[in-house]
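J.: turn this into a structure:
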Amino acid sequence: MNASTYLAYDYPLLGAFWTILFITLATMWFILLFRVVADIFRDHTTGGPEKTLWLLCVLCLPFFGVFVYVLARGGAMGEREARRNAALHRAAAASAAHEGGPATSGDLDELARLADLKAHGDISEAEYAHAKEKILH
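T.: Below is the predicted model:
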């Protein structure tokens with residue numbers, strides 16, 4: 001074999017594996033970094049000076065700062081995110097109900113109960129239509 005012959009070994013399979021692993025871990029790292037920074041700003045239980053110190057720690061010493069933040073306050077990050085999502089869900093449901101948007105689950109349950117009453121003959125078609133109109137508007 002001479003020096004100019006290549007055996008398709010310029011970029012080995014293990015090299016591709018390490019590259020994909022590095023890109024995946026770097027992506028996960030940036031996601032974690034952005035979530036920590038967002039959590040610092042969204043946390044209403046901490047004051048300005050504490051937020052400033054956490055932010056400086058996270059931005060100046062990223063690996064150390066993020067790991068310390070996750071160890072110190074990571075357990076409450078999920079709880080704060082769940083409370084925030086629940087508040088957004090409640091606000092969206094209230095907005096939809098206020099604007100006459102899609103029916104809520106309580107409205108759907110009430111409509112199902114009315115349909116059962118009508119199917120059993122307990123209420124007339126006119127009573128059903130009136131009750132349905134009252135629920136939907």
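
J.: list the buried residues of the helix or strand that contains residue 28.
T.: If you go by DSSP states H and E, residue 28 is part of helix 13-42. Applying a neighbour-count criterion of 16 or more other CB atoms under 10 Å, the buried positions in helix 13-42 are 33, 36-37, 39-40. Every residue, glycine included, has its C-beta placed from N, CA and C.

J.: over to stretch 117-129?
T.: 118, 123, 128.

J.: please apply the same query to stretch 71-81.
T.: Here stretch 71-81 shows 73, 77 as buried, counting by 16+ other CB under 10 Å.

J.: who touches it?
T.: The contact list for stretch 71-81, computed with CB atoms under 8 Å, 6 or more residues apart in numbering, reads 35-36, 39, 42-43, 70.

J.: now with 7 Å, please.
T.: 39, 42-43 (CB atoms under 7 Å, 6 or more residues apart in numbering).

J.: so how far is the helix or strand of the chain with the lowest mean pLDDT from its chain's centroid?
T.: Least confident helix or strand, the chain: helix 105-119 with a mean of 77, by mean pLDDT, DSSP states H and E. Distance of helix 105-119 from the chain centroid (CA atoms, centre = their mean, to the nearest Å) equals 32 Å.
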